[in-house]
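J.: Following is a predicted model, sequence given first.
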Amino acid sequence: MKWYHGGLHRAFRERLDPKPEFLMYYVYILANEDKTKHYIGYTKNLKRRLKEHKNGKSLWSKRLTNPILYYYEAYPNKQLAFERERKLKQRGSSKTGLLKRIRLK
């Protein structure tokens, strides 16, 4: 067993305490109450991120009085969530279609 600065070697630590198998990443859409402004983002902890938006710890949410979660999608890894967020942030049919479907446009 090898010891390093933080205690046990990483490989040994993972055997004792494996990473959660079902770690998900989320792409989400927030909007203000009258649905005139919206925000698209991604995170691995949706509850924590929503609290940050509601407490004004995000630059975007400081402009809104009460951001509301209107939509989210779950992805098995960060790369897929990041790609979906980028696709939705671009002006195009993916974004327009989704916003119409959830009635934000």
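T.: The structure has been received and is ready for your questions.
J.: Quick one: the strands in the protein, in order.
T.: Assigned by DSSP state E, the chain shows strands spanning 3-4, 7-8, 25-31, 38-43, 68-75.
J.: number of nearby residues for residue 26?
T.: A count of nearby residues for residue 26, using other Cβ atoms under 10 Å, gives 20. No exception for glycine: its C-beta is placed from N, CA and C like everyone else's.
J.: Listing request: residues of the protein with sub-threshold pLDDT.
T.: Within the chain, the stretches with pLDDT under 70 are 1-22.
J.: Make a markdown table out of the strands of the chain and add distance to residue 53.
T.: Shown next, in a markdown table, are the strands of the chain (distance: least, Cβ to Cβ, whole Å):
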| stretch | distance to residue 53 |
| --- | --- |
| strand 3-4 | 37 |
| strand 7-8 | 35 |
| strand 25-31 | 6 |
| strand 38-43 | 8 |
| strand 68-75 | 9 |
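J.: quick one: which of those is nearest residue 95?
T.: strand 38-43 (7.8 Å; Cβ to Cβ).
J.: Which elements pack onto that closest one?
T.: For strand 38-43, the helices and strands in contact under the criterion 3 or more Cβ pairs under 8 Å, 6 or more residues apart in numbering; DSSP states H and E are strand 25-31, helix 46-54, helix 78-89.
J.: Can you say which of the ones you listed is packed in most?
T.: With neighbours defined as mean count of other Cβ atoms under 10 Å, the helices and strands packed on strand 38-43 peak in mean count at strand 25-31, which reaches a mean of 21.
J.: ok, it: who's next to it in the sheet?
T.: Strand pairing for strand 25-31, using DSSP bridges, gives strand 38-43 (antiparallel), strand 68-75 (antiparallel).
J.: tell me the angle the last one makes with helix 46-54.
T.: To tie it back to what came earlier, the one meant is strand 68-75. Computed by axes from the mean of the first three to the mean of the last three Cα atoms, to 10 degrees, the angle separating strand 68-75 from helix 46-54 equals 150 degrees.
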